[in-house]
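S.K.: Prediction below, plus the sequence it came from.
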Amino acid sequence: MAAAFVRLDRLSKSFGPVAAVSDLSLEVAKGEALTLLGPSGCGKTTTLRMIAGLETPDTGAISFDGVPVVSVEAGINLPPERRKIGMVFQSYAIWPHMTVAQNVAFPLKVRRVPASERERRVKGALAMIGLEGLGDRPATRLSGGQQQRVALARALIHEPALLLLDEPLSNLDVKLREQMRVELRLLQARLGLSLVYVTHDQTEALGLSDRIALLDKGRIEQVGTPRDLYERPQTRFVRDFLGKSVILAGTVRGKAPGRVAVAMACATQSVIECQAPAGAALETGDAVEVSVRPEAVHIARAGDDPSGGKLDGIVEAVLYQGERSECEVRLGSERVLVYVPPDMTLQAGDRIALALAPGAAQVWPK
């Protein structure tokens, strides 16, 4: 990763007896889009607000480009307006008594930028977000997506070094949220912005991020690329929070560095080679769980010979989901949900065989 532009060093923040953030350290590279992801109450918004200067940490330090903006030990705490940040909130915070142009120009007016320069920069910002020609329109006459764009233009108008976004797409409908997710990613890449994005939405995090920091109970569970977290989760929380998993019981048959051979409880003749999470202490004979993403489970008709170990099962139910179907399969006493290929038609009662894609399964101590 490139040199850190934002550095968070052992931040902690409590509200009364509740520890919102505990000993959190994290770095954001220049030009990187990093997402703070996690369930409600995990500390992601509190962390963002400490970066912005809207909350003061109880312990720790924050620096931008090597310059301290917060240090509890040294008594440093720069106010938000001196941190050169832009911020977009969940509610957009659009002022209804102002026009679009006035909303966008407000940060420049506060900084006493001359009117002619304000007008030039506002026109450029509105063109950048696709709202050229709407500067004179009352802000209340905009759609939700347009208001979100105005909030983004206002955050960018003073050319911040860092852009902070707190669930900015959560108030939009599904189709518009998808559109804005793409536009925001393209804009961030074009401008080379350092960006910290807060969301509880896995799809947003996976699509928008260079890296994701997944939080739980005020602590970081894992930091890495979207692919790292999805394909190589290091804790059960990461595995279960990001996407769906097929989870099956088994027993360790043998092991090698980073790899474990597992005999499946639902088909003891089938031995699956699995990845082992870092630090997992497993011995031959240990009871374990094997997890794999549904898209890495291949379905064949009973009697076929799928590669990678065969698990015979019976279809319990087929759920049509539009772009794909999902299939609940009984494997002995276990039930799992897998994805059905578009060219395959199944119905309840069909006998099938499942095979796990080589290298896709992980093993977890019970």
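M.R.: Yep, that arrived. Residues are numbered from 1 along each chain as shown.

S.K.: Only C-alpha atoms from now on, for both contacts and neighbour counts.
M.R.: OK.

S.K.: Could you pull up the residues touching the residue nearest to the spatial centre of the chain?
M.R.: By Cα atoms, centre = their mean, the chain has its centre lying nearest to A205, at 2.6 Å. By Cα atoms under 8 Å, 6 or more residues apart in numbering, the contact list for A205 reads T35, L37, T199, I212, P226.

S.K.: Redo those residues as TSV? Include neighbour count.
M.R.: Below are these laid out as TSV (neighbours: other Cα atoms under 10 Å):
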residue	neighbour count
T35	28
L37	27
T199	23
I212	26
P226	21
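
S.K.: so can I have TSV of these showing pLDDT, distance to F241 and secondary structure?
M.R.: Output for the contacts of A205, formatted as TSV (pLDDT from 0 to 100; distance: Cα to Cα, whole Å; DSSP: H, G, I helix; E, B strand; the rest coil):
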residue	pLDDT	distance to F241	secondary structure
T35	97	15	strand
L37	97	10	strand
T199	94	13	strand
I212	98	13	strand
P226	96	13	helix
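
S.K.: remind me, longest helix of the protein?
M.R.: helix 174-191 (DSSP state H).

S.K.: what pLDDT, on average, does that helix get?
M.R.: Mean pLDDT, computed over helix 174-191, is 84.

S.K.: by contact count, what packs against it?
M.R.: Contacts defined by 3 or more Cα pairs under 8 Å, 6 or more residues apart in numbering; DSSP states H and E place helix 174-191 against helix 202-208.

S.K.: mean confidence score for the helix it packs on?
M.R.: Averaging pLDDT residue by residue across helix 202-208 gives 92.

S.K.: The stretch 151-300 of the chain: helices as residue ranges?
M.R.: Along the stretch 151-300 of the chain, the segments classed as helices by DSSP state H, counting those that start in this stretch run 174-191, 202-208, 226-231, 236-241.

S.K.: Take the ones you listed and write them to CSV, including distance to V122.
M.R.: As requested, those are exported to CSV (distance: least, Cα to Cα, whole Å):
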stretch, distance to V122
helix 174-191, 16
helix 202-208, 26
helix 226-231, 35
helix 236-241, 41
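
S.K.: end-to-end on stretch 354-366?
M.R.: Terminal residues of stretch 354-366 are spaced 23 Å apart (Cα to Cα, to the nearest Å).

S.K.: which parts of that stretch are buried?
M.R.: Using 16 or more other Cα atoms under 10 Å as the test for burial, stretch 354-366 gives L354, A355, L356, A357, A360, A361, Q362, V363, W364, P365.

S.K.: now it: mean pLDDT?
M.R.: pLDDT averaged over stretch 354-366 gives 89.

S.K.: how close does the closest residue to P226 other than its chain neighbours sit to L193?
M.R.: Leaving out its chain neighbours, the residue that sits closest to P226 by Cα to Cα, 6 or more residues apart in numbering is L206, at 5.3 Å. Computed with Cα to Cα, the distance linking L206 and L193 is 18 Å.

S.K.: nearest to G279, of the helices of the stretch 151-300 of the chain?
M.R.: helix 236-241 (13.3 Å; Cα to Cα).

S.K.: contact partners of that closest one?
M.R.: By Cα under 8 Å, 6+ apart, helix 236-241 touches G38, L214, E221, Q222, L229, Y230, P233, S245.

S.K.: Could you rerun that using 10 Å?
M.R.: Outside of helix 236-241, the residues within contact range by Cα atoms under 10 Å, 6 or more residues apart in numbering are 37-39, 200, 202, 214-216, 221-222, 229-233, 245, 277, 291-293, 362, 364.

S.K.: so what's L169 up against?
M.R.: 88-92, 144-145, 148, 176-178, 180-181, 199, 201, 204.

S.K.: and S333, how many neighbours?
M.R.: By other Cα atoms under 10 Å, 7 other residues sit near S333.

S.K.: still on that earlier bit, between the contacts of L169, which is nearest T47?
M.R.: Closest approach between these and T47, by Cα to Cα: T199, at 12.2 Å.

S.K.: Next, the contact list for that closest one, please.
M.R.: By Cα under 10 Å, 6+ apart, the contact set of T199 is 35-40, 44-45, 90, 165-170, 205.

S.K.: Now do the strands in the stretch 101-250 of the chain.
M.R.: 162-166, 194-199, 211-216, 219-224, 246-256 (DSSP state E, counting those that start in this stretch).

S.K.: got CSV for these, with distance to F106 too?
M.R.: Below are those laid out as CSV (distance: least, Cα to Cα, whole Å):
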stretch, distance to F106
strand 162-166, 17
strand 194-199, 22
strand 211-216, 32
strand 219-224, 36
strand 246-256, 51
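
S.K.: closest one to R10 among the ones you listed?
M.R.: strand 219-224 (10.4 Å).

S.K.: could you give the angle of that closest one to strand 211-216?
M.R.: Counting by axes from the mean of the first three to the mean of the last three Cα atoms, to 10 degrees, strand 219-224 lies at 160 degrees to strand 211-216.

S.K.: Partner strands of strand 219-224 and their direction?
M.R.: In the sheet containing strand 219-224, its partner strands are strand 211-216 (antiparallel), by DSSP bridges.

S.K.: does the residue nearest to K310 when sequence neighbours are not counted sit in a helix or strand, and which one?
M.R.: Leaving aside its chain neighbours, K310 sits nearest to A355 (5.2 Å; criterion: Cα to Cα, 6+ apart). Secondary structure from DSSP states H and E places A355 in strand 351-356.

S.K.: That strand pairs with which strands?
M.R.: Strand 351-356 pairs in its sheet with strand 297-301 (antiparallel), strand 311-320 (antiparallel), by DSSP bridges.
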